[in-house]
Each structure stands twice: as structure tokens, then as C-alpha cells.
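Q: I'd like to go over a predicted model; first the sequence, then the structure.
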Amino acid sequence: MTQPELNILPSEVAERAASTLATLRENYLADSRAWVVAYSGGKDSTLLLQLVYTMLIDLGKSAEKEVYVISSDTQVEAPRIASHLHQTLSAISNDSKKRGLPLRCRLVCPRVDESFWAKLIGKGYPPPTRNFRWCTNNMKIKPARRSIADIAARHGSVVLLLGSRLSESSARRQRMEGRNQNFRGMNPHHDIPNAFVFTPIADWEIEEVWEYLLRGPQPPWGGDHNNLAELYRDASGGECPLVLDLTTPSCGGSRFGCWTCTVVKQDRSLQGFVDSGDDTLLPLVEYCQWLREIREDESRRLRHRRNGAPGPGPFDGRTRRELLQRLLEVEQRVGRLLVDDEVIKYIQSVWSKEIDLTESAIAIANTFGRELVAERSDMALNNEQRELLAEAAKEEGIDLILLNRLLSLADEFPDITVWGVKPQLRAKIKDIIEAAAGDDNGDDISASLIV
């Protein structure tokens, strides 16, 4: 059996590592449940993953059951964090295949309609706040749960390994100690069926974590942890765990998280990278700060919620177009893709139903070198038809956005001969017209705050 090179570690850390490895081995061999290791790329999950990986190597042919490494990519991760995560996962995947280990990496992402830009720019959601953290559920919780539920369905049951530590915070300690654990130190996940939670490094102190990573054995998949340590030094932050529920705090502030985070007043990790000399990230900081500013500007919001009730709604068409325009300008400045073509097409599909007859999202993107073609619906108008419609609407004093919303119903209700469809269509038309009538200026018809 291959033992990690613990001789250069302080004795207490070496003993802690040996004890954790023994616990991992005992639990791995105790049943046939597949393991899922939550890996964020931060220090704690890196320690956990390295210990699990070492255990698999030591077990040799006895390592038979599957281990899945699950990581979350919100697609708005801080660039340096995203690069570190992708590079590490690639190294782990390649090395595990060469060794023949039963280990698979999964990088989970939100669906197009769940993505940050689809919600913010497409549907006009206001940037997230502490009381309206729509981003976490859509971009982290749903993708991770789908993947874990899929693994559980394949194997019948799973053990979810988390790099949570009691000493991270008093709140974390309270949550962890409040869970009912079985004799093996596991507790059922409160929301994911057939999943048990296991926290093997719960008793490790932060100093012990760093001692092991920087003075202990090199990661078995190659390289070292110097880049990880540099990221922490530059960002002055902690790590952002794999988020499975809303009890996990926002990863803004001092944690590695999304560069678009507006839940906190300032993303100290992203600003830390800039302060450490990475000026290429400054446009991201500026864009995020602008999001915080316009979030409080009610003149940019529609006047009705999606349910037709009066109140600050989503961003109006002008602001959504400005959001996309500025984002693509930032993309050019930083020299990396920030929003992909499929998301822009989705944004256009939403705009075409709510605020736009001119395929302006596609047009804006193409001015920045994209080569997108709109997926036209049956009710899409060509340029001449749009001009005639706009001219006629102006002459008759009819809101063009109102006409757009009414036309979009043809896509939503393609067959009105189906039983029950006509009452739904009448209700939709009634809501649209009443919302438009309730808008004094007739410009921002009922679109709505997300509730």
C-alpha cells in the first residue's frame, strides 16, 4: 500500500491525514453506494479530493465502486478561478483514466434559460440582492441537483462528500452539529432523495489544510498547489462550495465566486485580483458596479409585474439592450468570451415575445463580430413589414410593444382548436391589454417583476 509522503509535515497534520485516509477507506468499502465528491477548486475541496484520490490509488484493484467529482460552472465565474478549475479537472480526468481509477469528472452548468445573462438581459431580472437571490437557485442548485439525482438514479443511492469544516464559521458549525448523523458519521440530505452527506475533513483547522496542501505530498494527478495558494493570496478570499441549497451564503465578498455578484457591496476577491496587478479584470469590476447602480434606478424598470400587478417590474427594453451592448464591449476589452451564441439567441427569443420586433439582440451581437442568424418564428416580420407596422401603429396611436406582445401569442397558442386553449388565450389577451391600459405612457407594457 502506497503511503503519502507525510514525513515533511508536522506530526499532528500527518496524524490527521492518516486518520482521515483510514476513515475514507473504511466508509468506501462499507457499502456499494457511489460517491460524489463536491469540488469547487478551493482549498478545502482540493484537500478532500486529494485524500479521496490517494485512497483510490492505495486500494488498487479493491477500488471498484464509482467516484464522481462534481464541479459547478455558473459561466460567470471569476476568470482566473474558472481557468484553475478547468485545468485541474482536465488533469484529474486524464490521470485517472491512465491509472484505470473508477473516477469520473462532471462539470455541471445551468441550462441556457437558467443562465445569468438569459435572466438578466433576456427577461430583465433585476441584479440579485440578498432578498432576491435568483442566481443561486438557477445557476448552482438546479444543475448540481440534477446531476446528483441522475447519479443516484443510476446507482440507487449516493454518498455526497463535502469539504465542510466546523471551524469555517459559527454558522457552519451550528448547521453541521445540528444534523442527525448515523454511526458512520453521515446524515441524509434534506432535499436530495437517496443521498447521504459525509464530511470527512470536518475537524481540520485551516492551518492544517494549508500545511498539507503546501508541505505535504504533491497532488497525484500532477503539478502542485502553488497556483491555488497564489489565487488565495491575490484574491484575499475563501472558496465557494458546491451549492445545493439556499442556506449556503453568497460567494461574493471575500469568497471565490461569480464576477457578476451584486449580492454584496463589493466582490473583494475580484477586486483583490485587480489590486494584485491583473488590470485585465478591471472592466468586469466596472460592469458589476454599474449593475448595482442601475438596480436601484426605477426609471429603468417596467411598471407592472408579470402577473399584471402594479409595481417595479423587470428592466425595460432600452436597458436590456444597453446591458447587452455594454457586456459585449467588456468582452472585447478583456479578450475572452463572456456570453455565448446560444444565450444570445435565447435572449432574442425572449425579446421577440416581450419588447422587440427588430431582432435587435442579434443585430447588436453581430456588430461585435458574431455571425448569428435569428431563428424566426411563423409570425416574424421582414424589414419592410416592420416598417409598415411601425408606421401604421404610430398613425393610429397604438403601442408597438403591445402589438408585439399580441403577435407573440400566435407562437404560444399555435392550435386554438385544442380543448381549453381558447379561454387561456382570451385571458392572456385580456392581461396584455389591461396591463397596457394601466401604463400612463403606453411605452412599458405589463412585463413584470419576477415573483
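A: That came through fine.
Q: C-alpha coordinates for stretch 8-16, CSV please?
A: Provided in CSV are the C-alpha atoms of stretch 8-16 (Å, rounded to 0.1, in the frame of the first residue of the first chain):
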residue,chain,number,x,y,z
ILE,A,8,7.8,16.6,5.9
LEU,A,9,4.6,17.5,7.6
PRO,A,10,4.2,18.5,11.3
SER,A,11,3.3,15.3,13.2
GLU,A,12,-0.2,16.5,14.2
VAL,A,13,-1.1,17.2,10.5
ALA,A,14,0.4,13.8,9.4
GLU,A,15,-1.6,12.1,12.0
ARG,A,16,-4.8,14.0,11.0
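Q: all strands of the protein, in order?
A: 34-38, 67-72, 103-108, 158-161, 186-188, 195-198 (DSSP state E).
Q: Contact partners for the spatially closest residue to Val52 that is not a sequence neighbour?
A: Nearest non-adjacent residue to Val52, counting by C-beta to C-beta, 6 or more residues apart in numbering: Val37, 5.6 Å away. (Each C-beta comes from the backbone N, C-alpha and C, glycine too.) By C-beta atoms under 8 Å, 6 or more residues apart in numbering, the contact set of Val37 is Ser45, Leu48, Leu49, Val52, Val67, Tyr68, Val69, Ile70, Leu161.
Q: Tell me, how many residues neighbour the first one?
A: In terms of burial, Ser45 registers 24 neighbours under the definition other C-beta atoms under 10 Å.
Q: Was I right to think it contacts Leu161?
A: No - Ser45 is not in contact with Leu161 according to C-beta atoms under 8 Å; the separation is 9.2 Å.
Q: Between the two, which contacts overlap?
A: By C-beta under 8 Å, 6+ apart, the residues touching both Ser45 and Leu161 are Val37, Ala38.
Q: circling back to that earlier point, right, and out of the contacts of Val37, which lies closest to Leu409?
A: Ile70 (40.6 Å; C-beta to C-beta).
Q: what's around that closest one, how many residues?
A: Neighbours of Ile70 (other C-beta under 10 Å): 23.
Q: Report the separation between it and Phe273.
A: 26 Å (C-beta to C-beta, to the nearest Å).
Q: cool, Leu56 as well?
A: Distance from Leu56 to Phe273, by C-beta to C-beta: 34 Å.
Q: More neighbours: which of those two?
A: Phe273 (27 against 22).
Q: Hmm, His84 and that one touching each other?
A: No - in this structure, Phe273 is not within contact of His84 by C-beta under 8 Å, at 11.9 Å.
Q: wait, what's in contact with Thr129?
A: Contacts of Thr129 by C-beta under 8 Å, 6+ apart are Thr262, Val263, Arg295.
Q: can we see that at 10 Å?
A: Ser250, Thr262, Val263, Arg292, Arg295, Glu296 (C-beta atoms under 10 Å, 6 or more residues apart in numbering).
Q: Kindly report the same for Pro220.
A: Contacts of Pro220 by C-beta under 10 Å, 6+ apart are 2, 4, 50, 53-54, 56-57, 91-92, 95-96, 99, 101.
Q: and the two most separated of the residues you listed?
A: The largest separation in these, counting by C-beta to C-beta, is between Thr2 and Ala91 at 19.1 Å.
Q: Of these two, give the one with the bigger neighbour count.
A: Ala91 (16 against 10).
Q: Gln348 versus the closest residue to Leu302 other than its chain neighbours, what's the distance?
A: Closest residue in space to Leu302, ignoring its immediate chain neighbours: Gly313 at 3.5 Å, by C-beta to C-beta, 6+ apart. Distance, Gly313 to Gln348, by C-beta to C-beta: 20 Å.
Q: Using CSV, lay out the strands of the chain together with mean pLDDT.
A: CSV is the format used below for these (pLDDT from 0 to 100):
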stretch, mean pLDDT
strand 34-38, 96
strand 67-72, 96
strand 103-108, 96
strand 158-161, 96
strand 186-188, 84
strand 195-198, 92
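Q: And those strands: which comes nearest Glu342?
A: Using C-beta to C-beta, the nearest of the strands of the chain to Glu342 is strand 103-108, at 16.7 Å.
Q: and the closest one, which residues are buried?
A: Across strand 103-108, burial judged by 16 or more other C-beta atoms under 10 Å covers Leu103, Arg104, Cys105, Arg106, Leu107, Val108.
Q: same check, this time on stretch 329-349
A: Those would be Val330, Glu331, Val334, Leu338, Val339, Val343, Ile344, Lys345, Tyr346, Ile347, Gln348, Ser349, for stretch 329-349 by 16+ other C-beta under 10 Å.
Q: Provide a list of residues in contact with the closest residue to the last one other than its chain neighbours.
A: Put plainly, it is Ser349. In space, and not counting its chain neighbours, Ser349 is closest to Glu375: 7.0 Å by C-beta to C-beta, 6+ apart. Shown in contact with Glu375 (C-beta under 10 Å, 6+ apart): Lys345, Tyr346, Gln348, Ser349, Ser352, Glu359, Ile362.
Q: Which members of those residues define the maximum pairwise distance?
A: Tyr346 and Glu359 (13.3 Å).
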